[in-house]
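*Asks:* Let's see this in three dimensions:
(2 chains)
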Amino acid sequence: MDRVAIIGASMTQFGQRDAWIRELLAEAGQAALADADVSPDEIEHLYVSNMASGEFEGQTGVPNALAHDLAAMPAYTARIDQTSSSGGAGVYAAWQSVASGASDMTMLVGGEKMTHRSTAEATDVIASLTHPVEYKHGVTLPSFAGLTARLYLDTYDAPRESLGKVAVKNHKNGVDNPHAQFRKEVDLDTVMDSPVVADPLRLYDFCPITDGSAALVFCPESVAREYTDDYAVISGIGGATDTHVVHERADPTTMGGVVNSSEIAYEMADLEPDDIEVAELHDMFTILEFLQSEDLGFFEKGEGWKAVEEGVTDRDGDLPINTSGGLKSKGHPLGASGVAQVYEIYKQLIGDAGERQVDADVGLACNVGGFGNCVTTTIMESR
Amino acid sequence: MSDDEPAMEAYRYPDGSITYPGHPVGPGGEEPVGTVDLSDYTATVLTWTTSTATPPGVRQPNTLAIVEFDVDGEPVRAIGQVTGEDDVDIGDEVRPVYCEELREPGAGIREPASQEWDGYRFEPL
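*Replies:* Numbering: from 1, shown residues only, chains lettered A, B, ... in the order given. Coordinates of the predicted model:
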């Protein structure tokens, strides 16, 4: 079977940008085409991962706008919205389009423009994904994180500082990412003394609000060889959902979507958790790095915090996690984040990650929507 | 609960499971066969948080809890605001207390007519 390859990638500067959504998407799209040495008229399918350009900016129809701005007509286009996991879902759609034989050249561009909104407004746009019984109580994604973090710390007797060490690690990694929103180390005292946002979580336990875009170019491996020797392949990918109503889950510290999507991806790739050599996890909140690292099978349940304490997930550890700086440091432009996770794994696998480079031939990206409501897990290998 | 207060209505399904809120079909894929008014019961706090950065129309700070009811041996969970400035902790017992407006309709992004805005807060006992 002809595997699906990624032959080019780009990401814009993440942070507070003057550009609006159309400009952000076009910036990443043009850069990815240049990186892959593919001309716009070769693109057969063009997907845009975006959660809420209509709600944030009043701009809908962004896939068609992007096709025009890139001169990629008459490419088939579609917008992929799966909230915070829109990027991962876009990777899935792009993979499907090539694996099915429907397209021999597919581009995915993920992006979001958010920073012109206040924190309260942006939080509300994101919280609009919640069930009415949650929304009317003012439940937000950060409050889900606070609720889950307290339960995790209590259940597994983990120290509060272990969460802070996730922030310290990912900020340290972000220093070497030229596209990251924050390229500044923070120490544990700064994290622990920062203002409470959702008790027991504090400001530095949360990712920022971000503008940005990222893009990937996909094709069959047989086609990839015509363009470059430096490509990576998607060897496994899975998507899964969990309950919409978060409190209905049997164990609130387990993300069923992560468990189920990764099982599909591992089986497709014929790999085990122990085979993964680098991973990008969806650390929208520090507690999510613990939950995903356990639910992906990297560590036993309730042991993820110990791995961070022991440096296992450091860049020079046995399993580097979030070498990009993660959402925590790099930023979280909703629709772009899942695409940027795969961008980082792609760069690691082709040996083009610069100061962030680790020794890896197999990588994994886990993109989470809602509070584990929708998840895509992607496993990639070097050629 | 007084007669003019609506029920805190959970759905019961053929396999014995109960969910709050109710769904067209239960965890086993079957349609509900009855309802349970959770306001007749007390619950235990599973976890809680106090959110200081709240969205438009929401009180600040906003203490929230996930609680678990025991309805004749069947566990049922719910999420909601905790009353006032009361201290709450994991394992505490709480009772549902009706509130006519939990959040200001129309202040946030959601269409006011698309959902109800009253409901039950949890008061520590």
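
*Asks:* So which residues of chain A form strands?
*Replies:* Taking DSSP state E, the strands of chain A run over residues A:4-11, A:45-49, A:76-80, A:106-112, A:196-198, A:201-202, A:212-220, A:232-241, A:278-280, A:362-369, A:374-382.

*Asks:* Within range of chain B, give me the residues from the stretch 151-300 of chain A.
*Replies:* A:151, A:154, A:195-201, A:245-248, A:252 (Cβ under 8 Å from any Cβ of the partner chain). Quick note: C-beta positions are derived from backbone N, CA and C, even for glycine.

*Asks:* Close to chain A: what parts of chain B are there?
*Replies:* Residues of chain B lying near chain A (Cβ under 8 Å from any Cβ): B:19-21, B:46-59, B:62, B:64-66, B:77-81, B:90, B:102-103, B:108-110, B:114-119.

*Asks:* what about the residue in the stretch 201-350 of chain A positioned nearest to chain B, how many residues close to it?
*Replies:* The nearest approach of the stretch 201-350 of chain A to chain B comes at residue A:247, 4.5 Å away (Cβ to the nearest Cβ). Neighbourhood size, residue A:247 [other Cβ atoms under 10 Å in any protein chain shown]: 25.

*Asks:* Low-confidence regions, chain B specifically.
*Replies:* B:1-3, B:85-86 (pLDDT under 70).

*Asks:* the strands in it, which residues?
*Replies:* Applying DSSP E to chain B gives strands spanning B:9-12, B:18-19, B:34-37, B:43-51, B:62-71, B:74-81, B:93-99, B:119-124.

*Asks:* Measure how the fourth one sits relative to strand B:93-99, angle-wise.
*Replies:* Here the directions of strand B:43-51 and strand B:93-99 differ by 70 degrees (axes from the mean of the first three to the mean of the last three Cα atoms, to 10 degrees).

*Asks:* Any buried residues in strand B:43-51, and which?
*Replies:* Buried residues in strand B:43-51, counting neighbours by 16 or more other Cβ atoms under 10 Å in any protein chain shown, are found at B:43, B:45, B:46, B:47, B:48, B:49, B:50, B:51.

*Asks:* now these as TSV including distance to residue A:356?
*Replies:* Below are these laid out as TSV (distance: Cβ to Cβ, whole Å):
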residue	distance to residue A:356
B:43	47
B:45	42
B:46	39
B:47	36
B:48	38
B:49	34
B:50	37
B:51	34
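
*Asks:* From these, pick the one nearest chain A.
*Replies:* residue B:49 (3.1 Å).

*Asks:* what's across from the closest one in the sheet?
*Replies:* Residue B:49 forms beta bridges with residue B:64, as assigned by DSSP bridges.

*Asks:* Show the contacting residues for it.
*Replies:* A:143, A:146, A:147, A:149, A:150, A:198, A:199, A:200, A:201, B:63, B:64 (Cβ atoms under 8 Å, 6 or more residues apart in numbering or on different chains).

*Asks:* what do you get for residue A:238?
*Replies:* Contacts of residue A:238 by Cβ under 8 Å, 6+ apart are A:260, A:261, A:262, A:263, A:264, A:265, A:268, A:376, A:377.

*Asks:* hmm, back to that, just the strands of chain A: most buried one?
*Replies:* Most buried of these, by mean neighbour count (mean count of other Cβ atoms under 10 Å in any protein chain shown): strand A:106-112, with a mean of 32.

*Asks:* Kindly reformat the strands of chain A as TSV and extend each row with mean pLDDT and distance to residue A:161.
*Replies:* Output for the strands of chain A, formatted as TSV (pLDDT from 0 to 100; distance: least, Cβ to Cβ, whole Å):
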stretch	mean pLDDT	distance to residue A:161
strand A:4-11	98	32
strand A:45-49	98	35
strand A:76-80	98	38
strand A:106-112	98	32
strand A:196-198	97	15
strand A:201-202	98	11
strand A:212-220	98	30
strand A:232-241	98	32
strand A:278-280	98	23
strand A:362-369	98	24
strand A:374-382	98	28
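
*Asks:* a markdown table please, covering those strands and showing distance to residue A:165.
*Replies:* Listed next are these as a markdown table, based on distance: least, Cβ to Cβ, whole Å:
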| stretch | distance to residue A:165 |
| --- | --- |
| strand A:4-11 | 26 |
| strand A:45-49 | 30 |
| strand A:76-80 | 34 |
| strand A:106-112 | 28 |
| strand A:196-198 | 18 |
| strand A:201-202 | 13 |
| strand A:212-220 | 26 |
| strand A:232-241 | 29 |
| strand A:278-280 | 17 |
| strand A:362-369 | 20 |
| strand A:374-382 | 24 |
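
*Asks:* Spit out the contact partners of the nearest residue to residue B:42 once chain neighbours are set aside.
*Replies:* What sits nearest to residue B:42 in space, not counting adjacent residues and going by Cβ to Cβ, 6 or more residues apart in numbering or on different chains, is residue B:95, at 4.9 Å. The neighbours of residue B:95, taking Cβ under 8 Å, 6+ apart as the test, are B:42, B:43, B:122, B:123, B:125.
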